[in-house]
Structure formats: structure tokens, C-alpha cells
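>>> Have a look at this fold, sequence not included:
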């Protein structure tokens, strides 16, 4: 009786381990294919063909955002991973969280000139939640520190 | 200790125990849920960038985590059923499937309601969201597979095996945002970082709704399991007595 249970325990363990190994190998084989976007560095390394439909992900570089036109729906900005900057052009509706210094994921393609023509812009936010007061206090402290260092 | 476990494994003992235990569980669960929801939705401070939108975490995070947690419980029950042939474990596993699938659905739907105003899209096929959708399909698969058999024993054996295979999905969901580029952010660090992120006034209500929703898992699983016990033991004398209204417990 005891042996039978031991045997069944091994069956259970081998089901779980077998599934883990099989799925693990599949995931390793997919590797970068599972990434939902390319980083600017990967695009600069030529991992993407021109006009290929992709997503690019990075930060909106501070000071790079330019709004054009009367309505201001056409925008240009640089997306950066703090290594390489890729210019992005977009005309359309932006999510509320889109701004400079914020994470962004854009869908579109890189044209021959190396500019990313975006069809859709998504905002990526981090896992840190803060109340407005705390954020204001932090920003004030940061500014004070920056002013203290400057002279 | 083993004897106690064997006793707990008897459906009749489980039924009697939970009859005593249920009102308490119900009270604690409702209390935690009401406090957590009122506090989280009404009094916690708004986030600096998402304003009030972020409040959906008070439901989204506990249900999404709960769906994974219920799956782990269901898998443990499936293993116990396979190794020790415990009938009660199988009944609990069967009840877990429905509750887990519901939590998974709520997690997915609230997530897409959150995604639209913050990310700009309801859905994206990134690793984390896709793995969560697969978890939902596995739940549905386990339920469907079990009911596809005429014989109860064959159905529960097949469902147990599929449940164990699906365990591999759990770490993938949890670590997806760390292993790959995703639009979904990684899990929050509640360790109280020095930067002042994730302060207690934002996170304490999550613990209330979180434990409340875990209480709700137990409540729903126990209620479903009690139904299952009555159904499977319907020919046993004690169930007959119970149904006929013979006062077994004052």
C-alpha cells in the first residue's frame, strides 16, 4: 500500500516537472520573441527591418517633446533607453499619462530615415503609487538638492 | 496528527466542522471586504499621476493574485487526490475551479478597465496579460474536462492531471514583467522603499480587500464543497437524516 502511494507521488512530481521542463524549453526557444516591444538600442543595432511593423518602448526624453499644428495633435519626441535615442512622430489621441520622463510604448514602423512613425501611443507606468502630496514633497526636495549642487 | 488529517478527510466530519465554522468566516469576510472597499475607494489618497483611476487596484490586485492562489490550492488538492485517493480533496478541487475562474475573469476585466485610461488600450498581447488569459483557459479546460466524462472517477482523474500540468503557468504570470518586456508593470515592492513610494495609506486597504477576498474564496469553496458532499453522499444515512430534517445538531 505504501509503495503504491510512493509510486503515485513520483507520478505527480514527474507530471509537474515534465510540464515545467517542456514549457521552459519552449520559452527559451521563443526568447526575445516574447518581448512586447523593442528597445531603442535593439533598433539601432539593426534588429528591425525598415517598414516592419513593431512596437518600440522606452522613456519620453525630457525636453524633446514638440507639439505642432493648431490643434496640437501632431507630436514629435525622442524615445530613449538612456543609451540610444530614436525620434518618434505621431498624430492622434494620447493617453492621459503620456508626458516627458514617462514610459512609453508606441506601435508603428521605422521609416528609411530612421524615424519611428507611430500609429498608436501607449503609456507605460511603473509599480510605484504615491499620493499627490508625497510626490510634491519629493519633487521639492529634489529641486532643493539640485539647486544646492549647482553653485 | 495523521489521524486528525484522516478525520478531516472524511466528508461527514468536514460538513459538521464547517457548519460551526461558516458563520464566523462569513462575518470576518464581510467585515474585511466592507472596511477595505470603503477605505480604499473612499478615503485612500489619490495617486499623483493616475488620480482616482488607480483605485481599481483594490479589486484588481487581490482578484488577480487570488486567481493564482486558488489555482495553487486546487493543484495541491489534485495532488492529494491522486496520491492518497482522498475523495474530499477532489471535491474541494472541483469547487476551486469555478471560484478561481471567476476571480481570473474579474482580474482580467478590471485590468482592461484600468488599461484603457492609463495605458490607452484595453488589451495588449504582452507576456503577463497573455499568461493570465491562458490561466483562465486552463480553468475552463479543467471544468470542461471534468464534466466531459460520464463517470465521476474518470473525470476527476483527468481533471487532476490537467490541473497539475497547468501549475507551470503560475510562476510565468508572476515573473512575466521581470523576464520580458511587457506593458504591464512588475509587482509592487511593499517593503517601504526610501523614495516614499507605495505608502501604507495606499496599501493597507489592499490588505483588507485582499484578506477579505481570500476569505470569500474559502467561503465559496466551502459552500460549493458542502453541496458536492451532499450530492455524492446522497445515499448515506447521515445525509438522508439531514435532508429529512432530523435534528442532528441543536
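Thanks, I have the structure now. Owing to the predicted nature of the structure, the values given are computational and were not obtained by experimental measurement.

>>> Please make it C-alpha for all contacts and neighbour counts, starting now.
Fine.

>>> quick one: the helices in chain A?
Ranges of helices within chain A are A:2-30, A:40-44, A:132-149, based on DSSP state H.

>>> May I see the buried residues of the longest one?
Of all the residues in helix A:2-30, those buried under the rule 16 or more other Cα atoms under 10 Å in any protein chain shown are A:8, A:9, A:11, A:12, A:15, A:16, A:17, A:19, A:20, A:23.

>>> which residues touch the fifth one?
To tie it back to what came earlier, the one meant is residue A:15. B:161, B:164, B:165 (Cα atoms under 8 Å, 6 or more residues apart in numbering or on different chains).

>>> quick one: which of these sit in strands?
Among the contacts of residue A:15, none falls in strands (DSSP state E).

>>> And the residue nearest the centre of chain A?
residue A:57 (3.8 Å; Cα atoms, centre = their mean).

>>> was I right about it contacting residue A:107?
No. With contact defined as Cα atoms under 8 Å, residue A:57 and residue A:107 do not form a contacting pair (9.0 Å).

>>> Break chain A into its domains for me.
A:2-32, A:36-124 (automatic domain parsing).

>>> The longest one and chain B, any residue contact?
Yes. Using Cα under 8 Å from any Cα of the partner chain, domain A:36-124 reaches chain B at A:36, A:37, A:94, A:95, A:96, A:97, A:105, A:121, A:122, A:123, A:124.

>>> returning to what we had before: show me what the residue nearest to the centre of chain A bridges to in the sheet.
With DSSP bridges as the criterion, the beta-bridge partners of residue A:57 are residue A:105.

>>> can you pull the contacts of it?
Applying Cα under 8 Å, 6+ apart to residue A:57 gives the contacts A:37, A:38, A:39, A:40, A:79, A:103, A:104, A:105, A:106.

>>> can you pull out the helices in chain B?
Along chain B, the stretches classed as helices by DSSP H are B:2-8, B:11-38, B:57-84, B:87-118, B:127-147, B:152-166, B:169-179, B:200-232, B:237-243.

>>> now the helices of chain A in JSON lines, with distance to residue A:63?
Listed next are the helices of chain A as JSON lines, based on distance: least, Cα to Cα, whole Å:
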{"stretch": "helix A:2-30", "distance to residue A:63": "37"}
{"stretch": "helix A:40-44", "distance to residue A:63": "18"}
{"stretch": "helix A:132-149", "distance to residue A:63": "17"}
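
>>> By mean pLDDT, show me the worst of these.
Of all the helices of chain A, helix A:132-149 carries the lowest average pLDDT, namely a mean of 77.

>>> For chain A, what's the nearest residue on chain B?
Taking Cα to the nearest Cα as the measure, chain B has residue B:48 as its residue closest to chain A, at 4.1 Å.

>>> Once you drop chain neighbours, what's closest to the residue in chain A that chain B sits nearest to?
Minimum separation of chain A from chain B (Cα to the nearest Cα) falls at residue A:132, amounting to 4.1 Å. In space, not counting the residues next to it along the chain, residue A:132 is nearest to residue B:48; the distance is 4.1 Å by Cα to Cα, 6 or more residues apart in numbering or on different chains.

>>> Repeat that for residue B:198.
Looking at residue B:198 with Cα to Cα, 6+ apart, the closest residue is residue A:129, at 5.0 Å.

>>> And that neighbour, what's its pLDDT?
Turning to residue A:129, the model gives it a pLDDT of 85.

>>> ok, which residues in chain B are in contact with chain A?
Near chain A, the residues belonging to chain B are B:45-50, B:79, B:82-84, B:117-121, B:125-127, B:161, B:164-168, B:180-189, B:195-199, B:202 when assessed by Cα under 8 Å from any Cα.

>>> which among those end up buried?
Buried among the residues of chain B next to chain A by 16+ other Cα under 10 Å: B:45-50, B:79, B:82-83, B:117-121, B:126-127, B:161, B:164-168, B:180-186, B:196-199, B:202.

>>> Retrieve the pLDDT associated with residue A:83.
pLDDT, residue A:83: 92.

>>> which residues touch the nearest residue to it once chain neighbours are set aside?
Beyond its immediate neighbours in the sequence, the residue positioned closest to residue A:83 (Cα to Cα, 6+ apart) is residue A:41, lying 6.7 Å away. Going by Cα under 8 Å, 6+ apart, residue A:41 touches A:81, A:83, A:84.

>>> One more pass at 10 Å, please.
Listed by Cα atoms under 10 Å, 6 or more residues apart in numbering or on different chains, the contact partners of residue A:41 are A:47, A:58, A:80, A:81, A:82, A:83, A:84, A:85, A:86.

>>> Just the buried ones among the residues you listed, please.
Members of these that pass the buried threshold by neighbour count (16+ other Cα under 10 Å) are listed as A:58, A:80, A:81, A:84, A:85, A:86.

>>> Just the pLDDT at the second one, thanks.
To tie it back to what came earlier, the one meant is residue A:80. You'll see residue A:80 listed with a pLDDT of 93.

>>> which non-adjacent residue is nearest the most centrally placed residue in chain B?
Central residue of chain B (Cα atoms, centre = their mean): residue B:70, 3.6 Å from the mean position. Spatially, and ignoring its direct neighbours in sequence, residue B:70 is nearest to residue B:100 (5.5 Å; Cα to Cα, 6+ apart).

>>> Would you check that that neighbour makes contact with residue B:66?
Yes. Counting by Cα atoms under 10 Å, a contact exists between residue B:100 and residue B:66, whose distance comes to 7.4 Å.
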